[in-house]
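Asks: task: produce atomic coordinates for the following.
(one chain, ligands or ions: 1)
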Amino acid sequence: MDIDAYRDLDPPARVLLGPGPSNVHPRVLRAMSMPSIGHLDPGFLKVMDESMDLLRALFKSANTMTFPVSGTGSAGMEAAIVNFVEPGDRVIVGCNGLFGERMIDVAQRCGAEVVPVSAEWGRVIEPEAVQTALRSQARTKLVCLVHAETSTGAWQPLEEIGRLTREHEALFLVDAVTSLAGCDVQVDNWGIDICYSGTQKCLSCPPGLAPITVGERAMRALEARKTKVQSWYLDLSLVRQYWSAGRFYHHTAPVNMIYAFREALRLIHEEGLEKRFARHQLHGDALHAGLEALGLALHAQDGHRLPVLTAVRIPEGVEDLKVRQALLNEFGIEIGGGLGPLRGKVWRIGLMGHSSTRANLVQLLTALEAVLPRFGFKLERGAGTAAALAVLDG
Ligand SMILES: Cc1ncc(COP(=O)(O)O)c(C=O)c1O
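Replies: Purely as a prediction, here's the structure:
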């Protein structure tokens, strides 16, 4: 083998403004490069305990069962569903984008009788629609919603649906993969029983962990199962034995990822949650103003647009891929393309965590102002950045 052909890693410098991963803070990368120690070493157990404390504060929850699942956001989704769904259970799932669809797929694989509550991609699920489903479907076990639908940019309101779900004695499961640490997530106040996320979005940590939190009602449902959880690896009643006082070996924890996770959480709490949400909101508002000033249309329902992920419609005649390639190759900026029915129709722009900065926002709008006219799209040069700066500077 010609080993010289395999050079040292040299990833290109990128401004990550897609749907994730976002840019990672140097402190997180530094933490990740600390020496690996045993996953049962007393030194590591302290790291675990501190990570759980910091994570509870981020989820705004007192839930004992709060820890990162090994795996990406989809592992969080599988863990959240596979532990609480048994064959024949009735599960209501909000379906207004790709990740709602993925939840349906996972629930069906567990043998659930899925009742989808659908809305157009880009719109939110109305509480009345969930109420109608709950009323017509007796003994619903679980209601599942995506807080921040990354495929459309829609920001799903949760509080009222949490209340309705509890009234009907069902469990409320929320996907907070894209929202956690960028938008407020109040697990306890909003009556959320099970909530999961991913590390690579607003937590600004590399991909690889899925923080999860599970409340008492859901724990009781887990204990009352008649059948074994079909996934051994994601069986939370086994995994929790490692993340609690007994520290029983289940699988080897990804030690260095947990170092990184703890550091990302420290950065989040150093900034302060409310300040962090306000930063994401301000930059999201400025981006929306800038894009609209360029004559571009935002895809998600007005009044329910996420600040952390914006789907913007691709104008007639403008070539999706060529624009993304120009942004990447000429400006080092990554944005995302559309998924499913929105493929080729929208771009998805993330302003998440460490990537949500004034400089990145202005850089992106400037780059779009340079690239879009090449496709015959008429815009007023400088209008986007001016509108964004007007929002930023009040
Ligand atoms: C809302 C939502 N849920 C779940 C996932 C799946 O996460 P992952 O790709 O990390 O497995 C994603 C990823 O983009 C997401 O945006």
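
Asks: give me the below-cutoff pLDDT ranges for the stretch 201-350 of the chain.
Replies: In the predicted model of the stretch 201-350 of the chain, no residue satisfies pLDDT under 70.

Asks: which residues touch the residue of it found nearest the ligand?
Replies: As assessed by Cβ to the nearest ligand atom, the ligand sits closest to Pro207 within the stretch 201-350 of the chain, at 5.6 Å. Heads up, the C-betas are built off the backbone N, CA and C, glycines and all. Shown in contact with Pro207 (Cβ atoms under 8 Å, 6 or more residues apart in numbering): 20-21, 72-73, 198-200.

Asks: got the residues of the stretch 51-200 of the chain near the ligand?
Replies: 72-74, 77, 99, 146, 150, 175, 177-178, 198 (Cβ under 6 Å from any ligand atom).

Asks: which strand or helix spans the nearest residue to Val323 once chain neighbours are set aside?
Replies: Spatial nearest neighbour of Val323, chain neighbours left out: Val371 (5.6 Å); criterion: Cβ to Cβ, 6 or more residues apart in numbering. Using DSSP states H and E, Val371 sits within helix 358-371.

Asks: what packs against that helix?
Replies: Counting contacts by 3 or more Cβ pairs under 8 Å, 6 or more residues apart in numbering; DSSP states H and E, helix 358-371 packs against strand 15-16, helix 273-293, helix 320-331, strand 333-334, helix 383-392.

Asks: so what touches the following helix or strand past the longest one?
Replies: Tracing the chain C-terminally past helix 273-293 and defining elements by DSSP H and E, one meets strand 309-313 next. With Cβ under 8 Å, 6+ apart as the contact definition, strand 309-313 has outside contacts at 19, 122, 148, 150-153, 178, 284, 287-288, 291, 296-300, 338, 342, 345-352.

Asks: and the angle from strand 309-313 to helix 358-371?
Replies: Interaxial angle of strand 309-313 relative to helix 358-371 (axes from the mean of the first three to the mean of the last three Cα atoms, to 10 degrees): 10 degrees.

Asks: for strand 309-313, C-alpha coordinates in CSV please.
Replies: C-alpha atoms of strand 309-313 as CSV (Å, rounded to 0.1, in the frame of the first residue of the first chain):
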residue,chain,number,x,y,z
LEU,A,309,-33.3,27.4,10.5
THR,A,310,-34.8,29.3,7.6
ALA,A,311,-36.2,27.7,4.5
VAL,A,312,-36.1,30.3,1.7
ARG,A,313,-37.7,29.6,-1.7
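
Asks: show me where the stretch 51-200 of the chain has strands.
Replies: 65-70, 90-95, 113-118, 140-146, 148-149, 154-155, 171-175, 194-196 (DSSP state E, counting those that start in this stretch).

Asks: tell me which residue of the stretch 1-150 of the chain lies closest to the ligand.
Replies: Closest contact between the stretch 1-150 of the chain and the ligand, by Cβ to the nearest ligand atom, is at Gly73 (2.5 Å).

Asks: which residue is the nearest non-sequential neighbour of that residue?
Replies: Among residues not flanking Gly73 along the chain, Gly198 sits closest, at 3.0 Å (Cβ to Cβ, 6+ apart).

Asks: can you count the residues close to that neighbour?
Replies: By other Cβ atoms under 10 Å, the residues close to Gly198 number 30.

Asks: surely it touches Gly71?
Replies: No. Gly198 is beyond contact range of Gly71, at 9.3 Å (criterion: Cβ atoms under 8 Å).

Asks: now for the two: what residues contact both?
Replies: Residues touching both Gly198 and Gly71 (Cβ under 8 Å, 6+ apart) are 209-210.

Asks: returning to what we had before: just the buried ones from the contacts of strand 309-313?
Replies: Neighbour counting with 16 or more other Cβ atoms under 10 Å marks 19, 122, 148, 150-153, 178, 284, 287-288, 291, 296, 298-300, 338, 342, 346-352 as buried within those.

Asks: can you tell if stretch 328-340 touches the ligand?
Replies: No. Residues of stretch 328-340 contacting the ligand under Cβ under 6 Å from any ligand atom: none, with a closest distance of 9.2 Å.

Asks: since that was my last question, I'll sign off now.
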